[in-house]
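> Give me a model of this one.
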Amino acid sequence: MKYLLVVISLFFQVATAYAEEPLRPGIWVRMKDSLLQTWDSTDYELYVPISAWHNRSYYSSEKIDTYNEQPWGLGLGKYRFDEEGDWHALYVMAFQDSHSDIEPLAGYAFQKIWRPTDDLRLGVGYSVGLTLRKDYNYLPLPILAPLFSVEYKRLALQSTYIPGGTGNGNILFTWLRWQLQ
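Have a look, this model is predicted:
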């Protein structure tokens, strides 16, 4: 009986301690708040695509010769750094895809930022959004892709890797990102 009272007492102490902690908002509320804070930002950035490298391990050299690897285009985004110093952005971009057709995309991006010096930042994160491709009759296609960046002051070299199989995907897409403010 004595042990039962000790266990019940400990249970109520733990339950009381948790009850006194403030409730953390759910994931949907945090996502909505993050999107709204990014949308409300007054800071803009410019995106200039510079490379769409097709992984040679998944394509024949004949196929590589038919692909466009210089994705001319442009994009614009709103960005912010949160209280932890991490980067958030809402963006739109259009560029020439591997077949030289226009591919627009829009989405949200997040990167955890590491600052080895005041001016140098390294980032890793993800992008989620929609794209439209001619070879899919311009039907909206969801995207979820990793992001990597090296930044110096207001200029960043940012990349994503689009996974795939033999003869599709497996593209390292890279662009310059310039913070306008």
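> how far does stretch 149-160 stretch from start to finish?
End-to-end distance for stretch 149-160, by C-alpha to C-alpha, to the nearest Å: 9 Å.
> Can you give me the buried ones in that stretch?
149, 151, 156, 158-160 (16 or more other C-beta atoms under 10 Å). From N, CA and C alone the C-beta is placed, and that goes for glycine too.
> cool, stretch 74-92 as well?
Result for stretch 74-92 [16+ other C-beta under 10 Å]: buried residues 75, 77-80, 86-91.
> among the residues you listed, which two are most distant?
The span of the buried residues of stretch 74-92, defined through C-beta to C-beta, is set by 75 and 86 at 20.5 Å.
> Run a quick check on residue 56 versus residue 63, I expect a contact.
No: in this structure residue 56 lies outside contact range of residue 63 using C-beta atoms under 8 Å: 10.1 Å.
> Now do the same contact list for residue 100.
Residues counted as contacts of residue 100 (C-beta atoms under 8 Å, 6 or more residues apart in numbering) are residue 68.
> Run a quick neighbour tally on residue 71.
For residue 71, the neighbour count with other C-beta atoms under 10 Å is 22.
> just residue 58 next, same as before
17.
> Any figure for the gap between it and residue 24?
The gap separating residue 58 from residue 24 is 43 Å, by C-beta to C-beta, to the nearest Å.
> And for residue 87?
The separation that residue 87 has from residue 24, given C-beta to C-beta, amounts to 22 Å.
> which sections of the chain are below the confidence cut-off?
Counting by pLDDT under 70, the low-confidence segments of the chain come to 1-23.
> Tell me where it has helices.
Remark: helices assigned in the chain by DSSP state H are 2-20, 27-39, 61-66.
> Now do the contacts for the nearest residue to residue 131 once chain neighbours are set aside.
Nearest in space to residue 131, with sequence neighbours left out and distances taken as C-beta to C-beta, 6 or more residues apart in numbering, is residue 105 at 3.9 Å. Each residue near residue 105 by C-beta under 8 Å, 6+ apart is listed here: 92-94, 129-132, 143.
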